[in-house]
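# below: sequence and its predicted model.
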Amino acid sequence: MTTCGAIKLLECCAKAAEILRRLLLDGVLRLRKLFEGNRTRSEVVATFLALLELCRQKSVSLASEGGEETVTFLQMPDEAGKEEGE
């Protein structure tokens with residue numbers, strides 16, 4: 001893996017941790033809120049990729065209600081992995 005690739009991976013991991021922290025505090029967030037404060041295109045991409053990974057791990061769910069997209073906390077990634085392995 002290149003240095004640039006490793007940095008992007010770390011940025012995605014940091015974004016995933018940030019998303020989980022915010023969801024643990026609030027339970028449900030508007031999708032748009034997750035992207036507020038992103039200053040660069042790279043940060044937006046890292047946030048999006050982190051969100052996709054959390055969905056893949058079944059840690060969060062995405063829904064659309066009345067034109068508002070929401071992100072809901074389901075479980076921590078380690079718990080999701082344990083359930084898949086059972």
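Thanks, I have it. Numbering: from 1, shown residues only.
# contacts, neighbours, all on C-alpha from now
Fine.
# and the residue positioned nearest the centre of the chain, what helix or strand is that in?
Nearest residue to the geometric centre of the chain (Cα atoms, centre = their mean): L51, 2.9 Å. L51 belongs to helix 41-56 when assigned by DSSP states H and E.
# for the closest residue in space to L31 that isn't next to it in sequence, list the residues it contacts.
Using Cα to Cα, 6 or more residues apart in numbering and skipping the chain neighbours, the partner closest in space to L31 is T70 (5.1 Å). Residues in contact with T70 (Cα atoms under 8 Å, 6 or more residues apart in numbering) are 28-31, 62-64.
# quick one: contacts of stretch 13-30?
Contacts for stretch 13-30 (Cα under 8 Å, 6+ apart): 34, 46-47, 50-51, 53-54, 68-73, 76.
# stretch 57-68 now?
Against stretch 57-68 from outside (Cα under 8 Å, 6+ apart): 30-31, 54-55, 69-77, 80-81.
# would you mark the buried spots in it?
57-62 (16 or more other Cα atoms under 10 Å).
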